[in-house]
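# Next comes the sequence, and after it the predicted model I'd like to discuss.
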Amino acid sequence: MKNKITYLVLLAITCVNGYSQVIGKTEARGNKEYAKYAYIDAIKTYERIYEKGYKSPDMLLKIGNAYYFNAELEKANKWYAELYATNPDQEPEFYYRHAQTLKAVKENDKSDAMMAAFVQKKGGDARAKIFAKNKNYLAEIKKNSGRYKIENAGINSKYSDYGTAYMGTKVVFSSARDTGNFSKRIHTWTGQYFTNLYDSPISEDGSLGAVAKFGKKLNTKYHEDTPTFTKDGKTVYFTRNNYLEKRGYDAGKVTLLKIYKATVDKDGQWNNITPLPFNSDSYQTAHPTLSPDEKTLYFVSDMPGTRGQSDLFKVKINEDGSFGNTENLGDAINTEGRETYPFISDDNELYFASDGQPGLGGLDIYITKIPKDGSTNFKEVLNVGEEANSPKDDFAFIINFKTKKGFLSSNRDGGQGSDDIYKFVETKPIWCEQILFGVITDEDTKAVLPNTKLQLFDDNFNKIKEATSDAEGKYEFTEVECGKKYYVRASHEDYTTKEVPVTIGKETGKTELNIELKSEGCKVKIGDDLADCFKINIIYFDLDKWNIRPDAAIDLAKLLDVLEQNPSMKINIRSHTDSRASDKYNDVLSKNRAKSTKDWLIKNGIAATRLTSEGLGERELVNKCADDVPCTEAEHQLNRRSEFIITAL
């Protein structure tokens with residue numbers, strides 16, 4: 001049954017402090033059932049007591065939790081609301097769960113208020129931080145909504161049906177439906193039968209056909225669900241209770257979940273069923289899914305290192321079939337809540353369900369892109385919006401990247417069972433992307449410049465892509481994100497490198513950026529004086545002054561432009577005086593003038609790390625005009641000069 005599998009963890013239930021009354025035998029029985037995760041029995045016991053007029057804060061919390069853990073959020077809300085009215089001072093996790101149940105009854109303002117209380121109680125929690133950063137989350141979800149046409153998949157029963165997977169021209173899924181077996185095992189957590197695997201053929205129009213049990217040897221008398229198949233259909237990874245030849249338990253006598261592998265034998269039967277080596281009797285693993293190249297298995301677990309109730313992990317599948325080390329997908333994905341049901345599309349998009357990211361209530365479906373370098377440096381996580389998501393649990397999203405058709409599972413209103421499978425068509429992508437294109441030309445002649453090297457940087461100057469202009473001077477960068485600022489750096493032999501900012505449009509389409517390059521009048525190397533190369537005049541100062549005059553600023557603007565077009569260039573600013581006045585005075589004056597020039601460049605946007613300055617006074621005269629040597633004013637002026645020596649390129 002999905003709910004046991006979804007929540008995955010051995011839940012540490014927080015009890016309300018201060019309750020010290022003697023617990024009667026009936027409540028004690030309910031507590032015992034609750035402790036063993038027999039939530040359906042616990043609910044019945046507690047509610048019988050409540051109907052007789054007996055209640056306590058501890059019991060109200062446990063009834064609410066029992067419904068919450070069975071994804072009956074509306075019923076959980078009733079009991080949480082009564083407890084909150086009795087005593088609003090609760091443990092932090094209560095506020096988070098109550099916020100989720102308030103969303104289920106569409107009381108979003110109250111839910112946000114409850115989340116604000118959660119932030120105050122537990123501000124260091126990732127869920128609290130995400131909420132604090134995304135106060136406008138409902139507007140973002142609305143922006144992503146309306147992209148799916150959803151309808152009942154036509155294979156649902158009055159029991160729980162969920163967790164589809166593609167296998168060739170079939171869909172394989174999990175169901176708690178009764179198939180007429182003599183032995184009918186009821187799961188005390190949910191009150192339904194244990195789940196088995198079933199299949200249904202996919203017709204050309206996308207509808208599903210007759211349902212049949214799948215993989216006779218894969219199914220047992222306990223839970224099986226969420227398979228993932230290799231493209232050749234010969235290997236399956238799937239979730240099952242800890243059961244192979246006999247039932248296994250953890251230290252608390254609870255049967256946990258494990259991931260198993262099976263292969264098809266020569267008779268077409270599933271055999272060689274083996275647990276994966278990173279399973280354990282002390283934690284759970286579940287919901288495997290394969291990357292498109294089938295070299296990485298993604299899954300869910302509460303193993304050591306898990307941030308929340310359940311996290312997403314990945315593990316490398318080696319060529320010999322062995323496995324590498326498991327790796328947590330990190331803080332961008334995982335929260336202190338539940339992250340579960342991963343799926344990787346053929347375009348390396350990761351879909352997963354979470355109740356820790358901002359959503360509409362219960363589990364919502366999210367999407368992110370898997371980094372091309374294979375790291376866990378995930379960037380943007382987006383809620384896929386309505387209609388895929390609802391105020392209830394929405395999960396187990398799969399999609400055919402080519403046809404844009406797929407399936408998801410949900411216990412939303414209007415279904416046939418506690419969980420149902422829905423089919424959908426995606427009408428437009430969630431990612432708004434554009435093509436950035438243009439032509440590179442000579443600034444003076446307007447001639448096109450083939451073979452220009454172009455680099456694309458994000459707004460933090462991280463290099464993203466490279467390109468080269470073609471024979472017509474044209475270039476393009478695909479998959480640039482809408483509404484974001486980028487920088488394009490163009491460099492060509494014998495031309496000054498130019499870096500141009502551009503902000504991409506907010507709708508899917510194209511953004512044009514044409515760039516003109518200035519022919520270099522000279523080529524520079526480390527040790528050259530930019531003043532000589534770029535015809536920068538002497539930076540004049542008034543007598544005995546070191547402030548930048550307006551006419552000097554004109555020439556400094558030339559220097560500023562050179563530095564902006566060559567962002568890796570560093571210079572040493574050197575200031576000289578003539579021989580008049582004392583050596584000591586001239587040293588101080590030249591240092592102040594050099595520093596004033598440096599400060600002007602910093603003020604106008606040049607990083608201080610690119611600039612050094614020094615005053616050389618009258619120590620490096622360019623002519624005979626030393627102390628007591630008669631010289632004209634024009635000759636003295638030749639010594640009052642500024643140099644801009646290149647120290648790095």
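Good, I have the coordinates. Because the structure is predicted, anything quoted here is derived from the model rather than measured.
# so which helix or strand takes in the residue nearest to Ser354 when sequence neighbours are not counted?
Counting by Cβ to Cβ, 6 or more residues apart in numbering, Ser354 lies nearest to Glu339, which is 4.8 Å off, once chain neighbours are set aside. In short, each C-beta sits where N, CA and C put it, glycine included. Assessed by DSSP states H and E, Glu339 sits inside strand 339-344.
# For that strand, buried residues please.
Neighbour counts over strand 339-344 (16 or more other Cβ atoms under 10 Å) mark Glu339, Thr340, Tyr341, Pro342, Phe343, Ile344 as buried.
# And stretch 274-284, by the same measure?
Quick answer for stretch 274-284 (16+ other Cβ under 10 Å): Pro275, Leu276, Phe278, Asn279, Ser280, Tyr283, Gln284.
# From Ser345, how far off is Trp431?
Distance from Trp431 to Ser345, counting by Cβ to Cβ, to the nearest Å: 12 Å.
# quick one: which of these two has more around it?
Ser345 (18 against 15; other Cβ atoms under 10 Å).
# need the contact list for the more buried one.
Contact analysis of Ser345 by Cβ atoms under 8 Å, 6 or more residues apart in numbering lists Pro292, Tyr351, Ile399, Phe401.
# distance of the last one from Pro429?
Spelled out, that is Phe401. Taking Cβ to Cβ, one finds Phe401 at 10 Å from Pro429.
# And the second one, by the same measure?
According to Cβ to Cβ, Tyr351 stands 13 Å off from Pro429.
# who's more crowded, the two?
Comparing Tyr351 with Pro429 by other Cβ under 10 Å, the one with more neighbours is Tyr351, at 23 against 13.
# Need the single longest strand in this protein, by residues.
strand 433-442 (DSSP state E).
# still on that earlier bit, residues touching the strand holding Glu339, excluding its own?
By Cβ under 8 Å, 6+ apart, the list of residues contacting strand 339-344 reads 6, 8, 163, 226, 286-287, 289-292, 298-300, 308, 310-312, 333, 350-354, 356, 363, 370, 395-399.
# Tell me which strands it pairs with, and in which orientation.
Paired strands of strand 339-344, with direction, are strand 349-354 (antiparallel) (DSSP bridges).
# so what does the next helix or strand after the strand it pairs with touch, helix or strand wise?
The helix or strand immediately downstream of strand 349-354 is strand 364-369, counting by DSSP H and E. Helices and strands touching strand 364-369, by 3 or more Cβ pairs under 8 Å, 6 or more residues apart in numbering; DSSP states H and E, are strand 349-354, strand 382-383, strand 394-399.
# any idea of the angle strand 364-369 forms with strand 349-354?
150 degrees (axes from the mean of the first three to the mean of the last three Cα atoms, to 10 degrees).
# so strand 364-369 versus strand 394-399, what angle?
Going by the same axes, to 10 degrees, strand 364-369 makes 40 degrees with strand 394-399.
# Can you tell me what sits against strand 364-369?
332-333, 348-355, 357, 378-384, 388-389, 394-395, 397, 408, 430-431.
# Quick one: buried ones out of those residues?
The neighbour-count test (16+ other Cβ under 10 Å) marks 333, 349-355, 357, 378, 381-384, 388-389, 394-395, 397, 408 as buried among the contacts of strand 364-369.
# Need the pLDDT of Pro630.
The model reports Pro630 with a pLDDT of 91.
# Could you do the one 5 residues further on as well?
Reading off the confidence values, Glu635 has pLDDT 84.
# For the spatially closest residue to it that is not a sequence neighbour, give me its contacts.
The shortest distance from Glu635 to any non-neighbouring residue, by Cβ to Cβ, 6+ apart, is to Cys625 (5.2 Å). Contacts here follow Cβ under 8 Å, 6+ apart; on that basis Cys625 touches Asp578, Ser579, Cys631, Glu635, His636, Leu638, Asn639.
# try 7 Å
Cys625 makes contact with Asp578, Ser579, Cys631, Glu635, His636, Asn639 under the criterion Cβ atoms under 7 Å, 6 or more residues apart in numbering.
# Where does the record place the domain boundaries for this structure?
2-144, 162-386+393-398, 433-517, 530-648 (automatic domain parsing).
# out of the ones you listed, which comes closest to Ile150?
domain 162-386+393-398 (9.4 Å; Cβ to Cβ).
# which among the buried residues of strand 339-344 gets closest to Asp205?
Nearest member of the buried residues of strand 339-344 to Asp205, counting by Cβ to Cβ, is Phe343, at 23.0 Å.
# The closest one: what's its closest spatial neighbour, skipping adjacent residues?
Phe343's closest residue in space is Tyr351 (Cβ to Cβ, 6+ apart), at 4.6 Å.
# What's opposite that neighbour in the beta bridge?
Phe343, Ile367.
# Contact partners for it?
Phe343, Ile365, Ile367, Phe397 are the contacts of Tyr351 under Cβ under 7 Å, 6+ apart.
# now with 8 Å?
So Tyr351 contacts Pro342, Phe343, Ile344, Ser345, Ile365, Tyr366, Ile367, Val384, Phe397, Ile398, Ile399 (Cβ under 8 Å, 6+ apart).
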